[in-house]
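> Starting from these lines, generate the structure:
(2 chains)
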There are 2 protein chains.
Amino acid sequence: MGSFVNSCVRIIKADSIVLLAVAATAFGLSAVARSQGQKPAVFFAGQLSDAVELRDLALSSADAFRHVASLTMEVGPRLAGTPGDKAAVAWALSTMRELGLQNVRAEDVTVPHWERGDIEVRITMPYPQTLAATALGGSIGTPAGGIEAPVIRVADLDELSSIPAAEVAGKIVFFDRRMQASKDGADYTLTVKARREGPAKAAAKGAIAVIVRSVGTSSARLPHTGKTTYDDAIRRIPAAAISNADADMLAMQLARGEAVTVRITMDARYLEDERSANVIGEIRGASRPDEIVLLAAHLDSWDLGTGAIDNAAGVGIVLETAVQIIRSGKKPARTIRVLLAANEEFGVSGGKAYAEKYMADLHNHVVGMEADFGDGKVWRFSTLFPDDRLEVARALHAPLEPLGIEMGDNKTGNGADLSEFKKLGMPVISLGQDGADYFDYHHAASDTLDKVDPDNLRQVVAAFVTTTWLAASGDTDFGFRDPEEETKP
Amino acid sequence: MGSFVNSCVRIIKADSIVLLAVAATAFGLSAVARSQGQKPAVFFAGQLSDAVELRDLALSSADAFRHVASLTMEVGPRLAGTPGDKAAVAWALSTMRELGLQNVRAEDVTVPHWERGDIEVRITMPYPQTLAATALGGSIGTPAGGIEAPVIRVADLDELSSIPAAEVAGKIVFFDRRMQASKDGADYTLTVKARREGPAKAAAKGAIAVIVRSVGTSSARLPHTGKTTYDDAIRRIPAAAISNADADMLAMQLARGEAVTVRITMDARYLEDERSANVIGEIRGASRPDEIVLLAAHLDSWDLGTGAIDNAAGVGIVLETAVQIIRSGKKPARTIRVLLAANEEFGVSGGKAYAEKYMADLHNHVVGMEADFGDGKVWRFSTLFPDDRLEVARALHAPLEPLGIEMGDNKTGNGADLSEFKKLGMPVISLGQDGADYFDYHHAASDTLDKVDPDNLRQVVAAFVTTTWLAASGDTDFGFRDPEEETKP
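Predicted coordinates for the structure are as follows:
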């Protein structure tokens, strides 16, 4: 691949109409103008050659890893509301300034402050065993002496809904669905439902606590946390995750057919709300500064690991994307805005606050991208564009092909921190990363720097910088979606 | 392989001189007699055909996994001196009786009782971070308030020995050698030296505590414990292991060149000695009952996991080997003795007690084998035989070849629970298992049932039953080694 990329770069640098046509053919581009001066269908040829140049420089020299190392080592865990979260905001401000971003600022965000506390989950009958467990984010604690009750196992919410409340009342509900690993992490969406909604749904049937098999794909004996959401109308009950190995243990004891009881003791609790911040830095646009290409990554992390893959990697990717453009000396027409968002994990506070603050600017947001899927290489380019702008999507994808990136669909659901503006019609690009091992570490203590591959990140930054440059360097019209139209049956 | 094995079995069952010669050739056996009646060089042909029959039955039907599941689920962690250890002895007695072993008995062993307690290891400067840590087995605790000191990093004992005591005094020594995974686990022997001897050696230079990078090959953020041994002449200092990811963190902070301080708070301690037991069961020999083929596996485990690979797997292997022979209805000439030894992990108490009790019988121990390397398939057959008995080794190996087992050397060092008699000259056979992932879980919380592959265990039992039958069913002379001769330069 390397030599193919290089030969393309050389061809494009020659800047002749004939050679550019060859390059355009090599990229499969019908939408690229045949010379610099001509009005392009999507991009000026100069935009494309600059993007390819930036791409290949990034491939050989981008160093997102240093940002990941710095954030995980110097700050470490940074759950919303904790001192680590405040340290992360300070880190982001000074790092952005050091890297040469403009208009660097912290914008206040109020965040919840939940404390995990200690936990003990123990099978007390028939075969006593201590289980590796952790509180689900937002869970209440138990009384000091803990609670002990028989366990009822269900695979998922569907199975729970099929069981009469009388069989659930007074019990601990054990959600036992094992997540399957895959490149796109598709099974997460299915498996995480029980973690998110299970405690509320189980409480509605009279359960007194919930245990979920960790939404994770590792055999390491470490539980994976993540937010659960109670229903205000229903009594809150304690909720914990246990590791896959411990879920096996519990399931095996249950499979014997005897009554299995578990004791849960945990002191998770909410404290007062705290102040945090979205940290923003920009490369101001030279000719269209009010038009914004938004690169988002959340700055916060869960508290169990150091938040390396989730999401120091994403922070490193968007910061290094900006660095690559700044270093090149090239000036984008539009403003490239890097948003390091507060508290994604525990309620997307930063994403919501950003949307509120910049609502008047909504339609100036040309397109949004987010990095929040670890360190895997980008393998698929997807979009959420107006249907009449698919030509733009194809033109954006073409120079990514030499990076091994395939063309996805126009239905991406990615981008938690973009979700408010996305709902209102902002076009979104998703550079889908390979997440085959992402859920081995996601939301668990194992989410540490050693899981991050510097070489992978170079490819990811190469993809981000290519796409960012094409979006920001010209006047390409990405359109604006009509969400009402999209949701019509 | 399956069909080759089956065809050999069929040929041998035909029991004709000509066909047996074909089978013997297929096995590459020069040492096998050409008919049942003839005096063999090593084994009677009937021994070989029975061994092959047992081997192939085991390959298709041995179920060592059920013993592993039962011990890990019904007993779980069983560190010497704990209630789990006593429960394991009771489990072993009832399981052996249920499986039809003879002369089932528990033989008293006094064991130390050490308690891990809680631990907190935290970098306090320059970048505060909490490290995933656990006490090394046998470590003393710290004062209640913990101890805090600068850290000095060394790769290993050699590097420590090269540093003046003045540079070590008052510091916490960090042994930072990363173990490399391999099939034979050879790097364990090199890496474990710092865990075993490091605290004593560091204390001799005035260190106040020791941290070792876990002797383990996983990236899971879980520390691996294991015994450390103090020097009675030198002050004892607290010693802990941290996970690989945390060792990376500590090393990275140290690499910045600034002073790094760590606070260790741990309350590990010794309690009163406790009673435990070696559990023994036999298949009594029909014609040479006083001659013993010894199959050993330690019954105890560390406390962090449920001791599945270390060593419920070994327990399952030797128990199922006995089961396969009992079920076949075949009667061995010699006694097959299964020894489930007490407290291997924390001082080989059971192995030593066995040797003491049976010292008068030393020379009746024809040969010893041990299972203590997890669930990997057997890939190498090694021995520690008198040099004039290598023909026996080759003859034992021949029927293992179809299992994919290669011939190793005559210098095996395996067999902790056999080590007392081995030192005195007892011949030893090692069925070397594939340990490429063994040290991902060894002595860590991840040592749980999900790491054990039932299919692998079938192959291991097939190898054990083949070798055990050949050793126990005839009168083959394994000789007895002369340890003094062996240690001459």
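> Name all residues that make contact with the residue of chain A found nearest chain B.
Chain A approaches chain B most closely through residue A:220 (3.3 Å), counting by C-beta to the nearest C-beta. (Glycine included, C-beta is placed from N, CA and C.) Neighbour list for residue A:220: A:243, A:440, A:444, A:446, B:218, B:220-222, B:446 [criterion: C-beta atoms under 8 Å, 6 or more residues apart in numbering or on different chains].
> What is the nearest of these to residue B:328?
Closest approach to residue B:328 among the contacts of residue A:220 (C-beta to C-beta): residue B:446, at 36.3 Å.
> Pretty sure that closest one sits against residue A:245.
Yes: the pair residue B:446 / residue A:245 is scored as a contact, 6.9 Å apart, by C-beta atoms under 8 Å.
> any shared contact partners between those two?
Listed as contacting both residue B:446 and residue A:245 by C-beta under 8 Å, 6+ apart are A:219, A:221.
> elements contacting the helix or strand encompassing residue A:200?
Mapping residue A:200 onto the secondary structure by DSSP states H and E places it in helix A:186-204. In terms of contact count using 3 or more C-beta pairs under 8 Å, 6 or more residues apart in numbering or on different chains; DSSP states H and E, helix A:186-204 is assigned the packing partners helix A:157-161, strand A:172-175, strand A:209-213, strand A:239-242.
> what do you get if the cut-off is 6 Å, keeping everything else the same?
For helix A:186-204, the elements it packs on are helix A:157-161, strand A:172-175, strand A:209-213, judged by 3 or more C-beta pairs under 6 Å, 6 or more residues apart in numbering or on different chains; DSSP states H and E.
> Now those in TSV, please, with extra columns for mean neighbour count.
Formatted as TSV, those follow (neighbours: other C-beta atoms under 10 Å in any protein chain shown):
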stretch	mean neighbour count
helix A:157-161	15
strand A:172-175	28
strand A:209-213	28
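> What is the least confident helix or strand in chain A?
Across the helices and strands of chain A, mean pLDDT, DSSP states H and E gives its lowest value to helix A:2-14, namely a mean of 34.
> Can you tell me which residues in the stretch 51-200 of chain A are near chain B?
Applying C-beta under 6 Å from any C-beta of the partner chain, one finds that the stretch 51-200 of chain A approaches chain B through A:73-74, A:76, A:127, A:129.
> hmm, try it at 7 Å
Contact residues, the stretch 51-200 of chain A versus chain B (C-beta under 7 Å from any C-beta of the partner chain): A:73-74, A:76, A:127, A:129, A:132.
> just the helices in the stretch 51-200 of chain A please.
Counting by DSSP state H, counting those that start in this stretch, the stretch 51-200 of chain A has these helices, from start to end: A:65-70, A:83-99, A:157-161, A:165-168, A:186-204.
> I'd like those helices written out as TSV, with mean pLDDT added.
Output for the helices of the stretch 51-200 of chain A, formatted as TSV (pLDDT from 0 to 100):
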stretch	mean pLDDT
helix A:65-70	98
helix A:83-99	98
helix A:157-161	98
helix A:165-168	98
helix A:186-204	97
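> May I see these arranged in a markdown table, with distance to residue A:363 as well?
Below are the helices of the stretch 51-200 of chain A laid out as a markdown table (distance: least, C-beta to C-beta, whole Å):
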| stretch | distance to residue A:363 |
| --- | --- |
| helix A:65-70 | 31 |
| helix A:83-99 | 26 |
| helix A:157-161 | 38 |
| helix A:165-168 | 49 |
| helix A:186-204 | 30 |
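> Identify the residue spatially nearest to residue A:103, adjacent ones excluded.
Using C-beta to C-beta, 6 or more residues apart in numbering or on different chains and skipping residues adjacent in sequence, the residue nearest residue A:103 is residue A:282, 4.7 Å away.
> For that neighbour, list the residues it contacts.
Residues near residue A:282 by C-beta atoms under 7 Å, 6 or more residues apart in numbering or on different chains: A:101-103, A:335-337.
> Tell me the secondary structure at it.
Secondary structure of residue A:282, reduced to three states by DSSP: H, G, I helix; E, B strand; the rest coil: strand.
> hey, what's it bridged with?
Taking DSSP bridges as the rule, residue A:282 bridges to residue A:102, residue A:337.
> pLDDT score for the closest residue to residue A:155 other than its chain neighbours?
Distances taken as C-beta to C-beta, 6+ apart put residue A:177 closest to residue A:155, at 5.3 Å, once the chain neighbours are dropped. Among the per-residue scores, residue A:177 shows a pLDDT of 98.
> my read: residue A:177 touches residue A:193, true?
No: contact criterion C-beta atoms under 7 Å: residue A:177 and residue A:193 do not qualify, at 8.7 Å.
> So which of those two has more stuff around it?
Higher neighbour count among residue A:177 and residue A:193: residue A:177, with 23 against 17, using other C-beta atoms under 10 Å in any protein chain shown.
> Just the buried ones from the contacts of residue A:282, in PyMOL syntax?
If you want just the buried ones from these in PyMOL, going by 16 or more other C-beta atoms under 10 Å in any protein chain shown, the selection is:
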select buried, chain A and resi 101+335+336+337
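> between the contacts of residue A:282, which is nearest residue B:390?
Checking the contacts of residue A:282 against residue B:390 by C-beta to C-beta gives residue A:101 as the nearest, at 72.8 Å.
> burial count for the residue lying closest to that closest one once chain neighbours are set aside?
Among residues not flanking residue A:101 along the chain, residue A:281 sits closest, at 3.1 Å (C-beta to C-beta, 6+ apart). A count of neighbours around residue A:281, defined by other C-beta under 10 Å, yields 25.
> From the chain's centroid, how far away is stretch A:308-327?
From the chain centre to the centre of stretch A:308-327 is a distance of 13 Å (C-alpha atoms, centre = their mean, to the nearest Å).
> And stretch A:401-409, by the same measure?
Here stretch A:401-409 is found 20 Å from its chain centre; the criterion is C-alpha atoms, centre = their mean.
> Check stretch A:267-275 too.
Stretch A:267-275 sits 24 Å away from the centroid of its parent chain (C-alpha atoms, centre = their mean).
> what does stretch A:348-362 give?
Stretch A:348-362 has its C-alpha centroid displaced from the chain centroid by 17 Å (C-alpha atoms, centre = their mean).
> With stretch A:106-124 instead?
Distance of stretch A:106-124 from its chain centroid, counting by C-alpha atoms, centre = their mean, is 20 Å.
> Look at it and report the distance between its end residues.
Terminal residues of stretch A:106-124 lie 50 Å apart, using C-alpha to C-alpha, to the nearest Å.
> between the residues of the stretch 51-200 of chain A next to chain B, which has the most around it?
When neighbours are counted by other C-beta under 10 Å, residue A:132 leads those with 26 neighbours.
> Enumerate every residue touching it.
Applying C-beta under 7 Å, 6+ apart, we find residue A:132 in contact with A:221-223, A:242-243, A:246, B:445.
> How about residue A:447?
Counted by C-beta under 7 Å, 6+ apart, residue A:447 has contacts A:305-310, A:441.
> what does residue A:279 give?
Contact analysis of residue A:279 by C-beta under 7 Å, 6+ apart lists A:89, A:92-93, A:96, A:106, A:299, A:340.
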